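1. output the structure for:
(one chain, ligands or ions: 1)
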Amino acid sequence: MVTSGQFSEYVCPLCQVPFSREDLKLLSVEHVPPRAIGGRALVLTCRACNNRAGARLDTAMVRHDRVLGFALGQTPPDKPINARIQVAEHIVTADVAATGKKVSLQVVPRAVNPLGLAAFNDAVDKHTAAGTLKVSVSLWAERYAERDLRNGWLRAAYLVAFAAFGYQYIFDPALAPVRRQLADLDGDHIRDYFYIDTSADRATRMLARVREPACLWVQMGRYIVILPPLRPKPDFYTQFDRVVLESAQKRGDLAFNERPWPQGPEHRFDTP
Ligand SMILES: [Zn+2]
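-> Residues are numbered from 1 along each chain as shown. I've put the predicted structure just below:
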């Protein structure tokens, strides 16, 4: 197996199917993480793998990022979220954005009939005057499946590890459970590998080896995925203890050995 550099056959890092130079159109460049969350072109995957996960997992990642941004009061001003606002029995659709503790609403006129909007406004006035105003905001258009979110970030971290360490690492038998998980998006083949750190900066990119417990830490913004260490033991996923990791982190004695974040595809066809 070719482990680095340039070669005339390319193996998709996800499905392990080899593609020759004539099959180039069957491959596509993937943004990791998805472009909508600040990702950049990083690796080649086959179109089948790209399409299969793309819509479903990317959607969950992008939606979660928006909802979390809203909850943290960090909605980008140019990207409000579509929401359903309810006061008493009156409902309108609005674009909402959160900045710090302030939430701003902009009713979407074309989505609300004028009579409905008048009744909504009356209800707001009436309840404000009575001191009983209760507004509920539902981010109904931003629903996502928790498992798709986890799988999406697992996939992104796996592709980052491929870009940084190549086939030798990702095709180690210890990584097979990851591919199994990504091939069966409705199954639960591995667990305890995904974290969210709400205090992290969205622009954070960190690829680091953790010595104890031995693992690879892949962080993109607020999302952290734990992968097997560079010289993995085959039973990593049954032996890894998240509690040990979390308590080491809490004590502040987690030793990170940072590696440079990959800048682009190291593994590609050579130019003829
Ligand atoms: Zn593939």
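2. quick one: Val107 and the ion, what's the gap?
-> Note on Val107: its distance to the ion, by Cβ to the ion, to the nearest Å, is 45 Å. Where you see a C-beta, it was placed from the backbone N, CA and C, and this is true even at glycine.
3. cool, Gly54 as well?
-> Distance from Gly54 to the ion, by Cβ to the ion: 12 Å.
4. need the contact partners of the host helix or strand of that residue.
-> In the assignment (DSSP states H and E), Gly54 maps to helix 47-71. For helix 47-71, the external contacting residues (Cβ atoms under 8 Å, 6 or more residues apart in numbering) are 12, 14-15, 26-28, 30, 33-34, 36-37, 75-76, 79, 81, 96-98, 139, 142-145, 148-149, 151-153, 155-156, 182, 185, 196, 198, 221-222.
5. for that helix, what is the distance to the chain centroid?
-> 6 Å (Cα atoms, centre = their mean, to the nearest Å).
6. next: stretch 21-33.
-> With Cα atoms, centre = their mean, you get 20 Å for stretch 21-33.
7. rewinding a little: I'd like to know which of the contacts of helix 47-71 are buried.
-> By neighbour count, with 16 or more other Cβ atoms under 10 Å, those hold 12, 14, 27-28, 30, 33-34, 37, 75, 81, 96-98, 139, 142, 144, 148-149, 151-153, 155-156, 182, 185, 221-222 as buried.
8. where's the spatially closest residue to Glu9 that is not a sequence neighbour relative to Leu27, distance?
-> In space, and not counting its chain neighbours, Glu9 is closest to Pro18: 5.1 Å by Cβ to Cβ, 6 or more residues apart in numbering. Distance of Pro18 to Leu27, computed by Cβ to Cβ, to the nearest Å: 11 Å.
9. give me the three-state assignment for Cys15.
-> Taking DSSP: H, G, I helix; E, B strand; the rest coil as the rule, one finds Cys15 in the coil state.
10. please name the bridge partners of the residue nearest to Glu9.
-> Taking DSSP bridges as the rule, Pro18 bridges to Val11.
11. so what sits against both of Pro18 and Leu27?
-> Common neighbours of Pro18 and Leu27 (Cβ under 8 Å, 6+ apart) are Tyr10, Cys12.
12. the helix holding Gly54: which residues count as buried?
-> 49-50, 52-54, 57-70.
13. following it, which helix or strand shows up next?
-> Downstream of helix 47-71 (by DSSP H and E), the next one is strand 81-87.
14. who does that next one pair up with?
-> strand 90-99 (antiparallel), strand 135-138 (antiparallel).
15. how about a markdown table for the ones you listed, with mean pLDDT and distance to the ion added?
-> Below are the strands paired with strand 81-87 laid out as a markdown table (pLDDT from 0 to 100; distance: least, Cβ to the ion, whole Å):
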| stretch | mean pLDDT | distance to the ion |
| --- | --- | --- |
| strand 90-99 | 90 | 38 |
| strand 135-138 | 90 | 37 |
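16. just those: most buried one?
-> strand 90-99 (a mean of 17; mean count of other Cβ atoms under 10 Å).
17. which stretches of the stretch 151-272 of the chain have low pLDDT?
-> 265-272 (pLDDT under 70).
18. go again using 80 as the cut-off
-> Regions of the stretch 151-272 of the chain meeting the criterion pLDDT under 80 cover residues 264-272.
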